[in-house]
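Asker: here are the coordinates; sequence isn't available:
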């Protein structure tokens, strides 16, 4: 059996032992200094001015859109573009916050929205925000997409949950949007069991994200920021300030366990990314020799932090053959994320306007993925390779 993941943590045994020691010796496990230290370290790793830690990547996605509403950057009814190949928690907040979801098709050869597909959608639909997903560690031409968004006054957000560490020739994924989300759920590039992050260079958004994260409080802001908010809300008493809620928010606070695990494992992350890329290249070489499978285009990517190994077949009937091969070999597999999100039950329940998405339909009907992680052995790679061969 080759599972989607083998270990929970990077440097599994060492991290487990250190976590146990941390819990036993800590007097506080609710959000505090460890979370702050991880935020600082992660912002440095990603080259961002600010990083705000959350209890999950899904919470981070919702918090980004709530922050845009709270700051007046978007309003009810605004159209929000999003990658049609994505995860449910990228789209659900759009619906929950009374915004209009507009799916943007993805190119099968990259699994992602490319600038020409965004341009096509903009010919007939104006959008206020584009929430792009960097699927499975790959990306579209984010530099060109960023330029289009700047020219048309579109706020660009990135879901970088599956592409932590990927580098394009034009910059790191996660660095092109006004805000970018990350996930530290089990089986992601780095796990804090549950956890997420938002990176941004926009101080106003970072401030609002901290308010959104903690019920609308100002408790996690600097004293200068607190004074400004309390003055704006006409709060002149420290007594009442403790339970003053300045804007809409949630309890999305992480724990010190999240902060500790993230900060402890961050030094191991680069080696893990390197191992993932090496595994991918080995398996990619098998795909290249099989005319029934499509080799993905990563020519614009200089470092591929592959989340999982995608298999894209030429036809749906061919996929059935490869699904059976993987199942027979006891290699755990999954659909290509949520596939065409318009086919999901929740989407059909709440959204009436549907779009033609031929690229995502191809991915939905012809694709699947298996695990890729540093713990894959040579025997594991050989077993997966055998399943990828024609025959």
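Answerer: Cool, got the structure. No experiment lies behind these values; they were computed from the predicted model shown.
Asker: Name all residues that make contact with residue 298.
Answerer: Each residue near residue 298 by CB atoms under 8 Å, 6 or more residues apart in numbering is listed here: 110, 138, 304. Glycine gets a C-beta too; all of them are placed from N, C-alpha and C.
Asker: phi, psi of it?
Answerer: phi -120, psi 30 (degrees, to the nearest 10).
Asker: quick one on the thing from earlier: what is the nearest of the contacts of residue 298 to residue 269?
Answerer: residue 304 (14.5 Å; CB to CB).
Asker: would you turn the contacts of residue 298 into a markdown table with distance to residue 249?
Answerer: Shown next, in a markdown table, are these (distance: CB to CB, whole Å):
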| residue | distance to residue 249 |
| --- | --- |
| 110 | 36 |
| 138 | 33 |
| 304 | 36 |
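Asker: Narrow the residues you listed to those that are buried.
Answerer: 110, 138, 304 (16 or more other CB atoms under 10 Å).
Asker: Contact partners for the last one?
Answerer: Pointing back at residue 304 there. Counting by CB under 8 Å, 6+ apart, residue 304 has contacts 137-138, 166, 276-277, 280, 298.
Asker: Just the pLDDT for the residue nearest to it when sequence neighbours are not counted.
Answerer: Leaving aside its chain neighbours, residue 304 sits nearest to residue 277 (5.0 Å; criterion: CB to CB, 6 or more residues apart in numbering). Among the per-residue scores, residue 277 shows a pLDDT of 98.
Asker: ok, residue 277 to residue 290 distance?
Answerer: 21 Å (CB to CB, to the nearest Å).
Asker: and which of the contacts of residue 304 is nearest to residue 342?
Answerer: For the contacts of residue 304, the nearest to residue 342 is residue 138 (21.2 Å; CB to CB).
Asker: how about that closest one, what does it touch?
Answerer: Contacts of residue 138 by CB under 8 Å, 6+ apart are 110-112, 163, 166, 296, 298, 301, 304.
Asker: how about it, phi and psi?
Answerer: Taking degrees, to the nearest 10 as the convention, residue 138 sits at phi -90, psi 180.
Asker: Distance-wise, check it relative to residue 308.
Answerer: Counting by CB to CB - residue 138 and residue 308 are separated by 11 Å.
Asker: the more surrounded of residue 277 and residue 290?
Answerer: residue 277 (20 against 17; other CB atoms under 10 Å).
Asker: wouldn't the more buried one be in contact with residue 305 here?
Answerer: Yes: between residue 277 and residue 305 there is a contact under CB atoms under 8 Å: 7.0 Å.
Asker: where exactly do the strands run in the stretch 151-300 of the chain?
Answerer: All strands of the stretch 151-300 of the chain, identified by DSSP state E, counting those that start in this stretch, fall at 155-159, 167-168, 171-172, 179-183, 196-200.
Asker: Those strands: which one's closest to residue 59?
Answerer: strand 196-200 (5.8 Å).
Asker: for the contacts of residue 138, which one is nearest residue 252?
Answerer: Closest to residue 252, out of all of the contacts of residue 138 and judged by CB to CB, is residue 163, at 21.9 Å.
Asker: Closest to residue 318 out of the contacts of residue 298?
Answerer: residue 110 (20.1 Å).
Asker: quick one: the residue lying closest to the closest one once chain neighbours are set aside from residue 306, how far?
Answerer: Distance criterion CB to CB, 6+ apart; nearest residue to residue 110, sequence neighbours excluded, is residue 297 at 5.3 Å. Residue 297 is 14 Å from residue 306, where distance means CB to CB.
Asker: Just to check, residue 50 is in contact with residue 199?
Answerer: Yes: contact status for residue 50 versus residue 199: in contact at 6.9 Å, counting by CB under 8 Å.
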